[in-house]
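Visitor: got a predicted model here, sequence first, then my questions.
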Amino acid sequence: MNTPLFRKLNLEAYKPGRSFLNKKGQIIRKGYFEKGYLMDGLVFMYTSDGKKYRTTHYKDGKIIKVENHQDSKIIE
């Protein structure tokens, strides 16, 4: 009998909540969701080469802070 192989992911837990990954395995949304909407948590945006360029913070379903990471340039 073969043992299944699982991919090891290096994730930070956000409790209570859930995390969503893109196809490259990067976290794009993590936090507490209600009826499909992010209520409390973070949304990460990445460039095409995989560098994080923006983090948006949500509290009670509203944007409270947008963090732009200066070391990344957006390439479209």
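Guide: Sure thing, it's come through. Numbers count the residues shown, from 1 in each chain.

Visitor: so K23: helix, strand or coil?
Guide: coil (DSSP: H, G, I helix; E, B strand; the rest coil).

Visitor: where does the residue nearest the centre of the chain fall, secondary structure wise?
Guide: Nearest to the geometric centre of the chain sits I28, at 2.6 Å (C-alpha atoms, centre = their mean). Here I28 sits within strand 27-34, counting by DSSP states H and E.

Visitor: and that strand, which strands flank it?
Guide: Partner strands and pairing direction for strand 27-34 (DSSP bridges) are strand 18-21 (antiparallel), strand 37-46 (antiparallel).

Visitor: ok so, going back, what about the residue nearest to the centre of the chain, distance to L5?
Guide: 25 Å (C-beta to C-beta, to the nearest Å). For the C-beta atoms, the positions are set from N, CA and C on the backbone; glycine is no exception.

Visitor: can you list the buried residues in the strand holding I28?
Guide: Within strand 27-34, the residues that count as buried by 16 or more other C-beta atoms under 10 Å are 27, 29-33.

Visitor: with stretch 49-61 instead?
Guide: For stretch 49-61, by 16+ other C-beta under 10 Å, it's 53, 56, 58.

Visitor: test my guess that the first one contacts E67.
Guide: To tie it back to what came earlier, the one meant is Y53. No. Using C-beta atoms under 8 Å, Y53 is not in contact with E67, being 9.7 Å away.

Visitor: picking up where we left off before, looking at the strands paired with strand 27-34, which is closest to K62?
Guide: Closest of those to K62 is strand 37-46, at 9.2 Å (criterion: C-beta to C-beta).
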